[in-house]
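1. no FASTA, just this:
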Ligand SMILES: C[S@@+](CC[C@H](N)C(=O)[O-])C[C@H]1O[C@@H](n2cnc3c(N)ncnc32)[C@H](O)[C@@H]1O
């Protein structure tokens, strides 16, 4: 856990921006106990994708007081209740801070037709539609958790992105995919469907965090709860459900995009997203605080279904893990960050690279 994020394998890129280093605030003293004990080792016939709303879909599944989507049989592991959705919205704000208030990285010119795959609460799609009133924006998701009110140029559809897409060939100028770790079993297939639905010269952007915490200054010892959470929970569970939590590791996403037909230049940007108030610079401190707020809000939702249903841990074991994770988030001595990667690339016929 104390390792820095491994540098991605080199790829031919039109433009690559490495992650900025983040300096530690020496004055930072958390309000939590100094004797934080979280450093102690921790033991161990294809249907199509869209559907109109039916009451059974709105009957969510319940698990330990949380609700989950009921649109497909897939055990999508994040809850879709308000408590969890707040975590997604906090994340959205954090991404805006990270990216100087920009909603995307691709060099779009006058986008008219945009798809947000796995839109969640729809907050990105709504913001995009507001910013580009002449664009038609569609946000799709397994869960109908988007606002009833949205700008007139923004609409939401229930859709399983892993099934055959119902969108037309060459329909979109921009396909946006953000924060879909652990959601997709076949990334090349997903990218292929995006490729088919993009206009010649349209752009795809995939913005993704890697579920492995990292640290550059050795401040986090080995075998903390972070290691357990990453390896014994997220990665182990993702192997069981067949949906990776590290789709960007070793540039797997680049290979998958190439396989899908995206042969154009790559525009990439790496980030280190701090967790907590430890950075000295105001911008990074704020990002770290939002990241912590989002993770604390979402923590139970990230772990509950994967822990109890996929990995077979008891509810009590998971509650202990949640408590230790919260302690770890609040540990002022640990300078932890999550690697975050953004890649945008045009359809093969783009002229912008
Ligand atoms: C972590 S949230 C991210 C939401 C949004 N992209 C964002 O960045 O705020 C992942 C979303 O993907 C949706 N999702 C997961 N698997 C999906 C699938 N196969 N098809 C469509 N949506 C899916 C979930 O319901 C959830 O809302």
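-> Received the coordinates, thanks. Worth saying up front: this structure is predicted, and the values here are computed from it rather than measured.
2. The ligand contacts on the protein?
-> Within reach of the ligand by C-beta under 6 Å from any ligand atom, the chain has these residues: 69, 76, 78, 88, 91-92, 118-120, 124, 140-143, 159-162, 178-180, 183. No exception for glycine: its C-beta is placed from N, CA and C like everyone else's.
3. Swap in 5 Å and give it another go.
-> When proximity is defined by C-beta under 5 Å from any ligand atom, the chain lies next to the ligand at 88, 118, 120, 141, 142, 143, 160, 161, 162, 178, 179, 183.
4. If we ignore the residues flanking it in sequence, what's nearest residue 119?
-> With C-beta to C-beta, 6 or more residues apart in numbering as the measure, residue 139 is the residue that lies nearest to residue 119, at 3.1 Å, once sequence neighbours are left out.
5. what does the helix or strand encompassing that neighbour contact?
-> When elements are assigned from DSSP states H and E, residue 139 belongs to strand 136-141. Strand 136-141 is contacted by residues 49-50, 112-120, 122, 124-125, 128-129, 146, 153-159, 161 when judged by C-beta atoms under 8 Å, 6 or more residues apart in numbering.
6. hmm, try it at 7 Å
-> Contacts to strand 136-141, defined as C-beta atoms under 7 Å, 6 or more residues apart in numbering, come from residues 112-120, 122, 125, 128-129, 146, 153-159, 161.
7. among those residues, which are in strands?
-> Per DSSP state E, strands hold the following members of the contacts of strand 136-141: 113, 114, 115, 116, 117, 154, 155, 156, 157, 158, 159.
8. contacting residues around the residue of the stretch 51-200 of the chain found nearest the ligand?
-> Proximity of the stretch 51-200 of the chain to the ligand (C-beta to the nearest ligand atom) peaks at residue 120, 2.6 Å away. By C-beta under 7 Å, 6+ apart, the residues touching residue 120 are 88, 141, 145.
9. Weed out the non-buried ones from those residues.
-> The neighbour count (16 or more other C-beta atoms under 10 Å) marks 88, 141, 145 as buried among the contacts of residue 120.
10. Check which helix or strand the first one maps to.
-> Element membership for residue 88 (DSSP H and E) is helix 82-98.
11. Any regions of this structure where pLDDT drops low?
-> Counting by pLDDT under 70, the chain has low-confidence residues at 1-2, 6-13, 28-59, 72-75, 348-353.
12. switch the cut-off to 50
-> 2, 30-46, 52-53, 350-353 (pLDDT under 50).
13. Let me see the ranges of the strands in it.
-> Assignment of strands within the chain using DSSP E yields the ranges 15-17, 50-51, 61-63, 66-68, 113-117, 136-141, 154-159, 172-178, 198-209, 267-274, 337-346.
14. Okay, buried residues for stretch 234-247 please.
-> By neighbour count on 16+ other C-beta under 10 Å, the buried set for stretch 234-247 is 234, 235, 236, 237, 238, 241, 243, 244, 245, 246, 247.
15. For those residues, work out which two are farthest apart.
-> When the buried residues of stretch 234-247 are compared pair by pair using C-beta to C-beta, the two farthest from each other are 236 and 247, 16.6 Å apart.
16. list the contacts for the residue nearest to residue 298 when sequence neighbours are not counted?
-> In space, not counting the residues next to it along the chain, residue 298 is nearest to residue 87; the distance is 3.2 Å by C-beta to C-beta, 6+ apart. The neighbours of residue 87, taking C-beta under 7 Å, 6+ apart as the test, are 294, 297, 298, 301.
17. From the residues you listed, pick the one nearest the ligand.
-> The shortest distance between the ligand and any of these, using C-beta to the nearest ligand atom, involves residue 298 and amounts to 8.6 Å.
18. Isn't the closest one up against residue 82?
-> No: taking C-beta atoms under 7 Å as the definition, residue 298 is not a contact partner of residue 82, at 12.0 Å.
19. Counting neighbours around each, name which of the two comes out higher.
-> The neighbour comparison of residue 298 against residue 82 (other C-beta atoms under 10 Å) goes to residue 298, with 20 against 10.
20. Quick check: beta-bridge partners of the nearest residue to residue 194 once chain neighbours are set aside?
-> Once its chain neighbours are removed from consideration, residue 194 has its nearest residue in residue 175; the separation is 4.3 Å (C-beta to C-beta, 6+ apart). Beta-bridge partners recorded for residue 175 (DSSP bridges): residue 115, residue 204.
21. I'd say residue 175 and residue 199 touch.
-> No: in terms of C-beta under 7 Å, residue 175 does not count as a neighbour of residue 199; the distance is 10.3 Å.
22. So which of the two has more stuff around it?
-> Set side by side, residue 175 and residue 199 show more neighbours around residue 175, with 26 against 17, by other C-beta under 10 Å.
23. just the helices in the stretch 201-350 of the chain please.
-> Counting by DSSP state H, counting those that start in this stretch, the stretch 201-350 of the chain has helices at residues 225-227, 236-241, 252-260, 282-305, 315-329.
24. What helices and strands are in contact with the third one?
-> What it means is helix 252-260. helix 187-197 (3 or more C-beta pairs under 7 Å, 6 or more residues apart in numbering; DSSP states H and E).
25. which parts of the helix it packs on are buried?
-> 187, 188, 189, 190, 191, 192, 193, 194, 195, 197.
26. How many residues are close by residue 70?
-> Neighbour count for residue 70, taken as other C-beta under 10 Å: 17.
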